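Colleague: Pasting a predicted model and its sequence here:
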Amino acid sequence: MSEKKLAGLWIDRQKAIVVTNHDSQDVSEFKIAGTIETEVKDPKFYEQAAHSAENKLRVQFFKEVGQLITNSEELFITGPGISQEELKNYLLETPQFKNLKIELGVAQKMDENNVLKEVIHHYS
């Protein structure tokens, strides 16, 4: 087992499932650290403010993910679409995560157990 503080997650536009092998300090076995869901607004109801509101929700979503991976040394991000790249860019622009080693993958919808298995497989 690695002595590094590792994290992995599956993310799409609405949900993130986070797996870590540590609490804030101690390295242990991989476990689900949390599942975060974000609110999705219907853009039909607002035009000009839609982009700004969506960006605020996205940043809040990424901040919540960041709280669960605090103190991680390496991060594996997987999921469909471009959410992984957006999260990676957000994290690398955040001083707390600027030295975090991040690897990306691609995966379709996964449940918590599959995310846990995928992260363990990635780091084994």
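Modeller: Happy to help now that I have it. Just so it is clear, the model here is predicted, and its values are computed rather than measured. Numbers count the residues shown, from 1 in each chain.

Colleague: alpha carbons only for contacts and neighbour counts from here, please
Modeller: Noted.

Colleague: contacts for the helix or strand bottoming out on mean pLDDT in the chain?
Modeller: Within the chain, no helix or strand scores below helix 50-69, which has a mean of 88 by mean pLDDT, DSSP states H and E. Identification of contacts with helix 50-69 by CA atoms under 8 Å, 6 or more residues apart in numbering yields 7, 16, 18, 20, 33-34, 36-41, 43, 87, 90-91.

Colleague: Mark which of those are part of strands, please.
Modeller: If you go by DSSP state E, those have 7, 16, 18, 20, 33-34, 36-37 in strands.

Colleague: Quick check on those: which are buried?
Modeller: Using 16 or more other CA atoms under 10 Å as the burial test, these include 7, 16, 18, 20, 33, 36 as buried.

Colleague: helix/strand/coil for residue 81?
Modeller: Look at residue 81: counting by DSSP: H, G, I helix; E, B strand; the rest coil, its state is coil.
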